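Colleague: just a sequence and a predicted model for now, questions to come.
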Amino acid sequence: MTTLTIVLTGACGGIGRALAVAFANAGHNLVLVGRSPDALAALREGLVRPRSHRYLVADLSSAAAITELCTDIADGPPIDVLVNNAGVSSFGLFVETDDALVEHMLQLNVLAPMRLCKGLMPLLLKSQNAALINIGSGFGSIGYAGFTAYCASKFGLRGFTEALQRELANEKIAIHYLAPRAVNTAMNSDKVVAMNAELGNTADEPEVVAAAALAMLRLNKSSNRYLGWPERFFVRLNALFPTVVSGALKKQLGAILRHAKSV
């Protein structure tokens, strides 16, 4: 595989670390993006060929910070790939969710990837191996109780990715949407872990997501991939027969509400 320079956001999270390790082990060079300089430095030092990678500190919930980040990236070596992995989740009843948290989620999960794509696309299109991977979620296709705002943000990211795939269909860039199911990371609160255990929901390790993302880099055309069975089946079923999925999920509602309530 050709050595690529990959911009990776959310590099210090559970999935981000797994992505960084997988990409570095495959011989690629990384631009690690996160909020903590100490965590980023430690991550880089733990990767193979640490001096082949660099890190940039940025708060992606800030439009000004993203503009500055894109300038810093442009001042460095040419890039080939952008992986929009940074994100935040929240579990709870929508009426009990703080407005500031909803706004932060939309800023980070939807607007940040859009702003980064806009700012970095001219750089990406100069590469002969240009690719974009947006890390979404199965909840970007299935509205799920207790994750209302999160679903809204991931639905938005999925719609943006689909439209961008079609808008840039004549350009030499592969645009991918990767939708994991539940993943074992610190993003999951104790309530989410307890709910998944009660409902029998399977959670993957971050390395499963990383392996899927690495495989996407080998594709020369845009793609969409949903991880997990039966989750990817329900994504298709929900698109065709949403009332069937609504009926199935209603059976889980009692357990979801019990765990989602703040008290």
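Modeller: Alright, I've got the coordinates.
Colleague: helices of the stretch 1-150 of the chain, start to end?
Modeller: According to DSSP state H, counting those that start in this stretch, the stretch 1-150 of the chain carries its helices in the segments 14-25, 37-46, 63-74, 99-106, 112-124, 148-167.
Colleague: the shortest one vs helix 148-167, what angle?
Modeller: Our comparison of helix 99-106 with helix 148-167, counting by axes from the mean of the first three to the mean of the last three CA atoms, to 10 degrees, yields an angle of 30 degrees.
Colleague: what's helix 99-106 in contact with?
Modeller: Helix 99-106 is contacted from outside by Ser61, Val88, Ser89, Ser90, Ala149, Tyr150, Ala152, Ser153, Gly156, using CB atoms under 8 Å, 6 or more residues apart in numbering. To be clear about C-beta, it is placed using only N, CA and C from the backbone, and glycine gets the same treatment.
Colleague: try stretch 140-151
Modeller: For stretch 140-151, using CB under 8 Å, 6+ apart, the contacting residues are 89-94, 97, 101-102, 105-106, 109, 137, 139, 154-155, 157-158, 179, 195, 226, 234-235, 238-239, 245, 249, 252-253, 256-257, 259-260.
Colleague: apply the buried test to those and list what passes.
Modeller: The neighbour count (16 or more other CB atoms under 10 Å) marks 89-92, 97, 102, 105-106, 109, 137, 139, 154-155, 157-158, 179, 195, 226, 234-235, 238, 245, 249, 252, 256, 259-260 as buried among these.
Colleague: narrow those to those in strands?
Modeller: Among these, the ones falling in strands (DSSP state E) are Ala179, Tyr226.
Colleague: closest to Val208 out of the contacts of helix 99-106?
Modeller: If you rank the contacts of helix 99-106 by distance to Val208 using CB to CB, Ser89 comes first, at 17.7 Å.
Colleague: hmm, which two among the contacts of helix 99-106 are most spread apart?
Modeller: Pairwise distances across those peak at 16.3 Å for Ser61 and Ala152 (criterion: CB to CB).
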